[in-house]
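Q: Generate a structure from the sequence data that follows.
(2 chains)
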Amino acid sequence: MESREQLINRLQIKSYQIRKNILTMIHAAKSGHPGGSLSITDILVALYFHFLDIDPINPNWKYRDRFILSKGHSCPAWYACLADRGFFPVEELITLREIDGRLQGHPAMTKTPGVDMTSGPLGMGLSAGLGMALGLKLDGINSRVYVVLGDGELNEGMVWEAAMCAPKYKLNNLIAIIDYNNLQLDGNCDEVMPLEPLKTKWEAFNWSVQEINGHDMEAILDAIDTAQKEKGKPSVIIAHTVKGKGVSFMEDECDWHGKAPNDQQLLDAINEIESHKVQEISL
Amino acid sequence: MITNAKAIATRDAYGEALVTLGDLYPNLVVLEADISKSTRTNKFAKEFPDRFFQFGVAEGNMMAAAAGLATTGKITFLSTYAVFASMRAMEPLRTLIAYGELNVKIAVSHGGFTPANDGVTHQATEDLAMLRVLPGMTVIMPADYYSTVALVTAAAEIDGPVYLRFTRDPVPVLYKPENEFQIGKGIVIRKGGDVTLLANGDMLHIALEASEQLESKGIQADVIDIHTIKPLDTDLILDSVARTRRVVTIEDHQISGGLGGAVSELLCESLPTPMRRIGLQNTFAESGQYNLLLRKYQMDSISIVNAVFDLMK
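A: As a prediction, the model looks like this:
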């Protein structure tokens, strides 16, 4: 039996691998979104390598947990996790955005095994997730629906339509996680469209709200454990993150929202991730 | 063929059909956005409260939630007015439901001019064009009570997205209970041979009126119910037009993109034919009585007759 400490260590090591794969695939595609992919990596690793009850052999298994990446542009992180879990070969990752490929520039449920819902245009994923949660409840299936949203995405009105609706149906099987790196395309969230007080907003909409450091693996595990125990309402986890996390020259830089690294940048980034990894394990 | 003076709004037929289908399919759910009394989903809500989801005035959220519900194996019907489904909620409709090939039936009331005196804001006169352009979408406007019941039932039987458009106001009952209807198969209501009149929805009985006026002037018209504009019944249309060599499309919609657009595209490529299109001529209408709107915007039976004369010159 894996101890909590061993679990956390295993997930942290997995995060390094996923980060390297994200950068490698975006480099190969010569386009894509590294910043937001790196900021959600630790959250996705916790979900895909610990929480989600899924079956790579039978991706449409009726009783599976569902995952929606509402901020679909960060799909390299999702694809890297799905490949590592065996939904398709890891070698396929470098076909990201290629013609005749299965890994579309934004997630497409008809193309990619393991993708439960199409996304990309912002603001629709929470609504789709609540529809899934309603369907599962109706069938008496105890699976859960996880939806990862961006912070800039919360500018979209439909997010708040869904926020109003989910508590009405007491969807405790719906867990939203907000990737709050505080950067959107045109600048800081505070400048583009202030979100604060964000926790108060979700509480006012009658959600169970937690606020964590989205790169602290123990905090992520604890928050999702807590959300799973919620009985009467949906949960939202506001995860404070760093855009470009793990690669110093990408961190907190708007420029790395939607730009591919060149050959040298990829090398530098991978070397840096490797050096972090060595430090972590030697602790 | 006008068998009956009785008139029933097709939204009423939809509301009744849903209750029957609710019994037939335990996995059928209905989503609504605060107008269940008007779309007639209130009957289903009363019979099957556990499978009825009230979203309030939030059509976008409802459309995207329908996509999610469909992925859990539900035959998902959602209802609102045609204007709201086709515009406010268009992005989830296109990107989640059509692209995702999901089993959602967008069943909408207040098609075309039928919410007449509500004005342009509530008249759906561009929706068929918007829906028809979506790959994989089936687009239907039934003409009367019996065809509505049959086509709603047929829509529930296929696995994929369908747009069904109904009338607010009563329209004459044209068919009989024993008539059969198939999605994508038009129905020849009247055989003539001089001109082909293609119509659907609330305009079908007006096309029939026009055909009677034409007959009194010695012109025999084919009248065909094109209840499904996508997929279009190309064989049936080409067969009739090859004989008559003249065609008029008649629809409660802009003349672009809907029935007139679909038939123009077909004939341009396969059988270039002199043609006129009855519908809104690239303009918005206004509030007013339904019949007066049809007259003012040249969509009444006299306008159809005039279009045919124009073609006969």
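
Q: what does chain A have sitting close to chain B?
A: Residues of chain A that fall close to chain B, judged by C-beta under 8 Å from any C-beta of the partner chain: A:62, A:66, A:108-110, A:116-118, A:120-121, A:124-125, A:127-136, A:138-139, A:145, A:157-158, A:161-162, A:164-165, A:169. (Glycine included, C-beta is placed from N, CA and C.)

Q: Give me the buried subset of those.
A: Buried members of those, scored by 16 or more other C-beta atoms under 10 Å in any protein chain shown, are A:66, A:108-109, A:116-118, A:120-121, A:124-125, A:127-136, A:138, A:145, A:158, A:161-162, A:165, A:169.

Q: mind listing which of those are in helices?
A: Among these, the members found in helices (DSSP state H) are A:125, A:127-136, A:138, A:158, A:161-162, A:165.

Q: how close does A:Ile175 sit to chain B?
A: When distance is defined by C-beta to the nearest C-beta, to the nearest Å, A:Ile175 is 14 Å away from chain B.

Q: Any idea what that residue is bridged to?
A: In this entry, A:Ile175 is beta-bridged to A:Tyr146, A:Ser235, by DSSP bridges.

Q: Tell me where the stretch 101-250 of chain A has strands.
A: With DSSP state E, counting those that start in this stretch, the ranges of strands along the stretch 101-250 of chain A come out as A:145-150, A:174-180, A:183-184, A:187-188, A:208-213, A:235-240.

Q: In contact with the residue in the stretch 1-150 of chain B that chain A sits nearest to, which residues are there?
A: In the stretch 1-150 of chain B, the residue that lies nearest chain A is B:Gly68 (2.5 Å; C-beta to the nearest C-beta). For B:Gly68, the contacting residues are A:Met117, A:Ser127, A:Ala128, A:Gly129, A:Leu130, A:Gly131, A:Met132, A:Ala133, A:Leu134, A:Gly135, A:Val145, by C-beta atoms under 8 Å, 6 or more residues apart in numbering or on different chains.

Q: how close does the closest residue to chain B within chain A sit to B:Met62?
A: For chain A and chain B, the shortest gap (C-beta to the nearest C-beta) falls at A:Gly131, measuring 2.5 Å. Look at A:Gly131 and B:Met62: by C-beta to C-beta, to the nearest Å, they are 9 Å apart.

Q: In chain B, where's the longest strand?
A: If you go by DSSP state E, chain B has its longest strand at strand B:247-254.

Q: Strand partners (parallel or antiparallel) of that strand?
A: Here strand B:247-254 has these sheet partners by DSSP bridges: strand B:195-199 (parallel), strand B:275-280 (parallel).

Q: So for the next helix or strand after the shortest one, mean pLDDT?
A: Following the chain from strand B:195-199 toward its C-terminal end, the next helix or strand by DSSP states H and E is helix B:204-216. Helix B:204-216 comes out with an average pLDDT of 98.

Q: Just list what whatever helix or strand B:Met130 lives in packs against, helices and strands only.
A: Here B:Met130 sits within helix B:127-132, counting by DSSP H and E. If you count contacts as 3 or more C-beta pairs under 8 Å, 6 or more residues apart in numbering or on different chains; DSSP states H and E, helix B:127-132 packs onto strand B:138-140, strand B:162-165, strand B:228-230, strand B:247-254, helix B:259-270.

Q: So which other helices or strands are in contact with the third one?
A: This points to strand B:228-230. The contact analysis (3+ C-beta pairs under 8 Å, 6+ apart) places strand B:228-230 against helix B:127-132, strand B:138-140, helix B:259-270.

Q: what does that strand rub up against?
A: So strand B:228-230 is in contact with B:128, B:131-132, B:137-141, B:151, B:183-186, B:200, B:258-259, B:262, going by C-beta under 8 Å, 6+ apart.

Q: so the helix or strand following it versus strand B:195-199, what angle?
A: Remark: after strand B:228-230, the chain's next helix or strand is helix B:234-244, criterion DSSP H and E. Relative orientation of helix B:234-244 versus strand B:195-199 (axes from the mean of the first three to the mean of the last three C-alpha atoms, to 10 degrees): 150 degrees.

Q: which parts of helix B:234-244 are buried?
A: Under the neighbour-count criterion of 16+ other C-beta under 10 Å, helix B:234-244 has B:Thr234, B:Leu236, B:Ile237, B:Ser240, B:Val241, B:Thr244 buried.

Q: my guess is the last one contacts B:Thr196, does it?
A: Yes: using C-beta atoms under 8 Å, B:Thr244 and B:Thr196 qualify as a contacting pair, with a distance of 4.6 Å.

Q: Touching both of these two, which residues are there?
A: Counting by C-beta under 8 Å, 6+ apart, the contacts common to B:Thr244 and B:Thr196 are B:Asp222.

Q: and stretch A:185-195, how far apart are its ends?
A: 15 Å (C-alpha to C-alpha, to the nearest Å).

Q: quick revisit: pLDDT on the helix holding B:Met130, on average?
A: Averaging pLDDT along helix B:127-132 yields 98.

Q: and the strands paired with strand B:247-254, which is most packed in?
A: With neighbours defined by mean count of other C-beta atoms under 10 Å in any protein chain shown, none of these is more surrounded on average than strand B:195-199, at a mean of 29.
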